[in-house]
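Participant: Turn this into a model:
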Amino acid sequence: GIRNATGLYYKVVDSDDWLDTDALKKLLSRLHTLVTRGTAPDLMICNYVYEHTEDGTSHTVRYTNVFPQERLFTWMHVGHFRPDQNLLMHSVLYRTEVLRQCGMVLPKHTFYVDNIFVYQPLPFVKTMYYMDLDLYRYFIGRADQSVNESVMVKRVDQQLRVTRHMIDCQDLDALKGEKKLRAYMLHYLSMMMAVSDIFLLLDGSAEAKEKQKGLWQYLREHTSATVYRSIRFGFGGVTNLPFPKGDDIVLGGYRIARKIFKFN
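Facilitator: Next comes the predicted model:
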């Protein structure tokens, strides 16, 4: 898709999801203005909305506490991300040239590659623009969706493949001059490690436990000691507690978070 794209910007919309018409019109109007002025950002950011099929409720993820609104900004202006405020495929609109510059090649026939899509180009993003618009409608709750819990347990090997790809695709130590960018990418990679841990724990088999050990060993061998420690003893390590009943505590916390945030 990226290779054949002809537009100035590139937006991915999953086949289950949709964009709000009014919000899209406002976004396109603003983009037209920015492009005309010669101030087109590398990354446009909007809110996204979880549309829960099981109970008919919705929940908006917005970034008003993280980004300045309605103006160009850089990484130095970025605030603190809460755990539920990652930049996902749903919230981003990349300038197509940025996606080409980063040399991204997504694994074929693999689920969860949207994480690579949103993560790998970030060091090539110099300017951003945030609009407090509820643009993307994320349809969630269908039993056969790739983010459904039972489906993710069955496809955990694909989650692991994507996580390893993300470990390898960027050298986070090379970003020390961009502290907020590096901090965010560490945060996102930590989240990927945590998600992998949780679904291996849900599997519960001896084989899954070995895969969990293998993933952490891969992180240790393919990153610096600084990056490894930041993830192991930070958010990523919360799901890998090295003491009796640690797995039960992790899964209990996951169940509580799932009820609160309803993310799958």
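
Participant: What residues sit buried inside the helix or strand containing residue 218?
Facilitator: According to DSSP states H and E, residue 218 maps onto helix 206-222. For helix 206-222, a neighbour-count test (16 or more other C-beta atoms under 10 Å) marks 208, 211-212, 215-216, 219 as buried. The C-beta positions use only the backbone N, C-alpha and C, and glycine is treated the same way.

Participant: Please apply the same query to stretch 223-233.
Facilitator: Residues 223, 227-228, 230-231 are the ones in stretch 223-233 that count as buried (16+ other C-beta under 10 Å).

Participant: Now for residue 205: which residues touch it?
Facilitator: Counting by C-beta atoms under 8 Å, 6 or more residues apart in numbering, residue 205 touches no other residue.

Participant: same check, this time on residue 231
Facilitator: 186, 189-190, 193, 219, 223, 237.

Participant: and what of residue 128?
Facilitator: Contacts of residue 128 (C-beta under 8 Å, 6+ apart): 41-45, 67, 72-75.

Participant: right, and the pair among the buried residues of stretch 223-233 with maximum separation?
Facilitator: 223 and 230 (9.1 Å; C-beta to C-beta).

Participant: Now do the helices in this structure.
Facilitator: 21-37, 96-101, 114-119, 149-154, 156-169, 179-203, 206-222, 225-232, 246-261 (DSSP state H).

Participant: Indicate which one of those is closest to residue 2.
Facilitator: helix 96-101 (5.0 Å).

Participant: for that closest one, packing partners?
Facilitator: Helices and strands touching helix 96-101, by 3 or more C-beta pairs under 8 Å, 6 or more residues apart in numbering; DSSP states H and E, are strand 9-10.

Participant: partners of the strand it packs on, with directions?
Facilitator: strand 92-95 (antiparallel) (DSSP bridges).

Participant: Could I have the CA atoms of the strand it pairs with written out in PDB?
Facilitator: Taking Å, rounded to 0.1, in the frame of the first residue of the first chain, the C-alpha atoms of strand 92-95 are listed here in PDB:
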ATOM      1  CA  VAL A  92      -2.300   8.800  13.400                       C
ATOM      2  CA  LEU A  93      -2.100  10.200   9.900                       C
ATOM      3  CA  TYR A  94       1.400  10.000   8.500                       C
ATOM      4  CA  ARG A  95       2.900  12.100   5.700                       C
END
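
Participant: Run through who's touching it.
Facilitator: Residues contacting strand 92-95 (C-beta under 8 Å, 6+ apart): 8-11, 27, 40-46, 118, 121, 125.
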